[in-house]
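> Following is a predicted model, sequence given first.
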Amino acid sequence: MSDPQPVYLSDYQPPAYQVTHTELTFDLDPAATRVKARLHIERHPSADSQAPLVLNGEQLTLISVAIDGNPLPDAAYQLTDEVLHIADVPEAFMLESEVEIAPSSNTALEGLYQSNGMYCTQCEAEGFRRITYYPDRPDVMATFKVTVIGNATSEPVLLANGNPINQGELENGRHFAIWEDPHPKPCYLFALVAGNLHKVEDSFETVSGRNVTLQLWVEQENLDKTEHAMASLKRAMAWDEQVYGREYDLDLFMIVAVNDFNMGAMENKGLNIFNSAAVLTHPNTATDATFQNVEGIVAHEYFHNWSGNRVTCRDWFQLSLKEGFTVFRDQCFSADTNSAPVKRIQDVSFFRTAQFAEDAGPTAHPIRPDHFIEITNFYTLTIYEKGAEVVRMLRNLLGWEDFRRGSDLYFERFDGQAVTIEDFVGCMAEVSGADLNQFMRWYSQAGTPEIDAHGEYDYAHAEYHLTLRQRTPATPGQPEKLPLHIPVRMGLVGTKSGQDLTLTLSGEKLGKDAVIHLTGDEQTFVFTDVAEAPVPSLLRDFSAPVKLHFPYSREDLAFLLTHDSDGFNRWDAGQRLAMLALDDLIAAHRNGVEKVMDTRVVEAFRTLLTGAMSDKAVLAEMLTLPSEAYIAEQQPIVDVDAIHAAREFVRQSLAVALRDEFVAVYKANQSDEPYAPTPEQIAQRSLKNIALTYLMAIEDEEGIAFCETQFAAEHNMTDVRHALTLLVHSDRDDIASPALKAFGEKWAHDPLVMDQWFTIQVSRPQSDVLDRVQYLMQHPAFSIKNPNKVRALIGAFAQNRVNFHRLDGKGYALLADVVIELNRLNPEIAARLVTPLTRWQRFDEERQQLMRDELVRIKQEPLSSNVFEVVEKALA
Ligand code: B3K
Ligand code: ZN
């Protein structure tokens, strides 16, 4: 067997044939579903009249194929494992085919499969070819009419995209439903669901006065977990009208929750399918973080109705066109609905940890890749989150009003079309007159740009000279990099006044907070009329996805922590201050020198804890130390043990020094109010729980008592889970074990809570974790076929830095074993799961060798193209 080959963006050819209308009939059966397709096909006027018709199809059993009613003899077509090739077809015709597929044995969860007995589909990116022979590419857009036939008792509910137009009984206990979607769409947006589902229903009146029925379909036991998703949906619909002028375009919008799902959710037209983890919430079963995540994902999928569905991607290289824009839209929605600074802090914190790591590793790729083997491997943090940062930069460069005009033009001009990133950016340039040519490099150049900044205050001339130098490290396939257009939002904070000083550049007054544009390799900006020595506050609100280095002293950082007018940079100053202390402690640990706590960090924390900071949500973020993963990102060679020891030392030192303050904060933020996922309540819980985290760092007796009471009170899952996690991660097994047992028994019936139960156990720092993972893999609630379970147990273990990176290599071997097994069952999940091993270059030589050995062992297996692509890159 030869190695899978890449496809290239530069090879793009428009389709020779369009499908204008698609009619499908599904006769459902677990092992032998019959799919009949009637495709109305037309040759493109500019295509060669000899062009063959090439339809994608995988794992299909062809029963029959006919053109305009005439069955094709075997000689009239060629069939391979991947395509149906018909050499000679008329200019316009009807292609009819019938295939057989087996949803019950579909463990890849792409195409039509069964989850808990329920039928459901996942077609993005290339799953539709597992349903029927079709030109499975996003630039083929058709209207769809779908008939679903199922068992009236086991599948009382039969759903597909669009509007229901008919339904009825058939013989032998069968029944049918017919659905019609009037909006032309690519086949990746097709969806079908059939099963024993129950609905909650609501409605939304659109801005033009149309009434839209909203339905959330779930299994019966989950009917009490739908309220928040429904409320989120209505908020998202209203927000998209107000902020982007986008109205919903069908009379019905449905969301279905399924247990087995590779990603979070899918924006199928009018019929979104969700991982149950991304939609179900109840105060007793879901944490605040889950409530917020659900709100964001419900909004994200809804927003795709315009950014993705009405205007879609020409080809999969343009994936970030819909994903980057839609993530930016959902981020803004969540910022408007909750605490805007906290949303930004959390997003950036995650981005700088996970996307920066991706951009620095062997799978680094541009926001628009120029080739891929398996598109499923490109649903990445780069495409999604860095894509969103680039759209955010466009918003910042143009200002909201021009950006909105550009967005309006884009939706109007390209409605019903499949387009490119140039089309999007072109609209932005057209309405604003901005020159975005250099900016386009953000889409083609991989890697995280680094800015080395330094500044000097010239007392004699009252000038501040700021020099910025940019460089982007080489990434695989891209040794040389060009300078990017980087918007740097900044201020100069006067050290005497503590206020932002007016920025005057080349005689022009820019105000107290301005964006300067770094476009060359190196530029010096001379600010004049600077009356006092300033500390620069750079990259405010994280105005560009870059690493910024500035030689701040600890005094500078302590100053910015209290004086910066930008909330994000205040938080960031705290993180930088903590990082300096952590760097010293990591070095001390490595050198076997006694660790000494930096008192400036202690004093900064004391100021935060006792000060008058009103925003509790931001305060909780400021009290949170950089994660071990983030700290690791900052080190040239990752020393997992030194990082863990240094961070624990800081936590413990702060807890010892500020014990009474933490107790006071904990007590002051108790509440008996009934649970609500409001920003105020969430802030209060975060603050209380971060205080408790510090107390448990020293296993303070009062802290332990707080944990026990909080766990036993069962007031809400946020508090219960936090208390249980702290207990399980402490050395007090005498208290933790019975609590864990009680929790596991109480929630044995609820898969989403059991996911949390798995994660809590395998993320503890104690060295018994590997055995626990192996033991839990045999637990009845675990299944390797369920992606949520794999993420909760195996994925979470691979994030447990001290245990995954054990020096005997057993952590790596365990992950490799699971990857090898999943490679056969679910290649998409297997390829994602292998990621931690691909980062081997970041570790010491001994671990590098161990990690590479496991990659080589995986490589010796007969691999799916998904796992092959990732492992091949990692070993290149
Ligand atoms: N568009 C989907 C992606 C699903 C692809 C899985 N192979 C989720 C989202 O971004 O909304
Ligand atoms: Zn999306």
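Ah, there it is. Ligands and ions are numbered 1, 2, ... in the order given.

> can you give me the helices for the stretch 601-750 of the chain?
Counting by DSSP state H, counting those that start in this stretch, the stretch 601-750 of the chain has helices at residues 616-622, 628-634, 640-657, 659-668, 679-697, 701-713, 717-728, 733-746.

> Quick check: the gap between Ala617 and Tyr8.
46 Å (CB to CB, to the nearest Å). No exception for glycine: its C-beta is placed from N, CA and C like everyone else's.

> of the two, who's got more company?
Between Ala617 and Tyr8, Ala617 has the larger neighbour count (other CB atoms under 10 Å), namely 23 against 12.

> who are the neighbours in contact with the more buried one?
Applying CB atoms under 8 Å, 6 or more residues apart in numbering to Ala617 gives the contacts 339, 341-342, 679, 682-683, 686-687.

> Same check on His722?
Contacts for His722 (CB under 8 Å, 6+ apart) come out as 689, 692-693, 710.

> follow-up on the earlier one: closest to ligand 1 out of the helices of the stretch 601-750 of the chain?
helix 628-634 (23.1 Å; CB to the nearest ligand atom).

> who in the protein is up against ligand 2?
323, 326 (CB under 5 Å from the ion).

> Tell me the residues of the stretch 101-250 of the chain that contact ligand 1?
124-125 (CB under 6 Å from any ligand atom).

> Pro45 and Pro15, how far apart?
12 Å.

> Need the buried ones from the contacts of Ala617 selected in PyMOL.
Per 16 or more other CB atoms under 10 Å, the buried members of those correspond to this PyMOL selection:
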select buried, resi 339+341+342+679+682+683+686+687
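
> which of the contacts of Ala617 lies closest to ligand 2?
Val342 (22.5 Å; CB to the ion).

> Would you verify that the closest one is located in a helix?
Yes: with DSSP: H, G, I helix; E, B strand; the rest coil as the criterion, Val342 is located in a helix.

> List the contacts of it.
By CB under 8 Å, 6+ apart, Val342 lies in contact with 617-618, 621, 683.

> Once you drop chain neighbours, what's closest to it?
Using CB to CB, 6 or more residues apart in numbering and skipping the chain neighbours, the partner closest in space to Val342 is Ala617 (4.4 Å).

> Just the angle for the helix ranked longest in the chain relative to helix 640-657, thanks.
What stands out as the longest helix in the chain, according to DSSP state H, is helix 567-591. What separates the directions of helix 567-591 and helix 640-657 is an angle of 110 degrees, with axes from the mean of the first three to the mean of the last three CA atoms, to 10 degrees.

> re earlier: tabulate the contacts of Ala617 in TSV, adding columns for pLDDT and distance to ligand 1.
What follows is those, written out as TSV (pLDDT from 0 to 100; distance: CB to the nearest ligand atom, whole Å):
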residue	pLDDT	distance to ligand 1
Ser339	92	24
Pro341	95	25
Val342	96	23
Pro679	96	25
Ile682	98	24
Ala683	97	28
Ser686	98	27
Leu687	97	32
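
> what's the pLDDT at Glu96?
On the pLDDT scale, Glu96 is placed at 98.

> Number of residues surrounding it?
Neighbours of Glu96 using other CB under 10 Å come to 19.

> Show me what it is bridged to.
Arg38, Ala66 (DSSP bridges).

> OK, contacts around it?
36-39, 64-67, 69.

> so how far is Thr33 from it?
For Glu96, the distance to Thr33 - CB to CB - is 17 Å.

> Same check on Glu532?
Applying CB to CB to Glu532 and Thr33 gives a distance of 75 Å.

> So which of the two has more stuff around it?
Higher neighbour count among Glu532 and Thr33: Thr33, with 21 against 15, using other CB under 10 Å.

> what's the neighbour count on the closest residue to the more buried one other than its chain neighbours?
Leaving out its chain neighbours, the residue that sits closest to Thr33 by CB to CB, 6+ apart is Ile101, at 5.2 Å. Ile101 has 22 neighbouring residues, counting by other CB under 10 Å.

> Ile101 touches Ile131, doesn't it?
Yes: Ile101 is within contact range of Ile131, at 6.7 Å (criterion: CB atoms under 8 Å).

> who touches both of those two?
Common neighbours of Ile101 and Ile131 (CB under 8 Å, 6+ apart) are 35, 60, 111-112.

> got the contact list for Leu503?
490-492, 509-514, 527.

> which of those residues sit farthest apart?
Met490 and Lys509 (14.8 Å; CB to CB).

> Which one's more surrounded, the two?
Shown here are Met490 and Lys509; by other CB under 10 Å, Met490 has more neighbours (26 against 12).

> Can you tell me how far that one is from Leu557?
16 Å.

> again, but for Met94
Taking CB to CB, one finds Met94 at 70 Å from Leu557.

> mind listing what whichever residue of the stretch 601-750 of the chain sits closest to ligand 1 touches?
Residue nearest to ligand 1 within the stretch 601-750 of the chain (CB to the nearest ligand atom): Pro677, separated by 21.7 Å. Pro677 makes contact with 228, 281, 288, 291-292, 295 under the criterion CB under 8 Å, 6+ apart.

> and it, what pLDDT?
For Pro677, the model assigns a pLDDT of 97.

> gap between the closest residue in space to Tyr552 that isn't next to it in sequence and Leu557?
The shortest distance from Tyr552 to any non-neighbouring residue, by CB to CB, 6+ apart, is to Arg576 (6.3 Å). Distance of Arg576 to Leu557, given as CB to CB: 5 Å.
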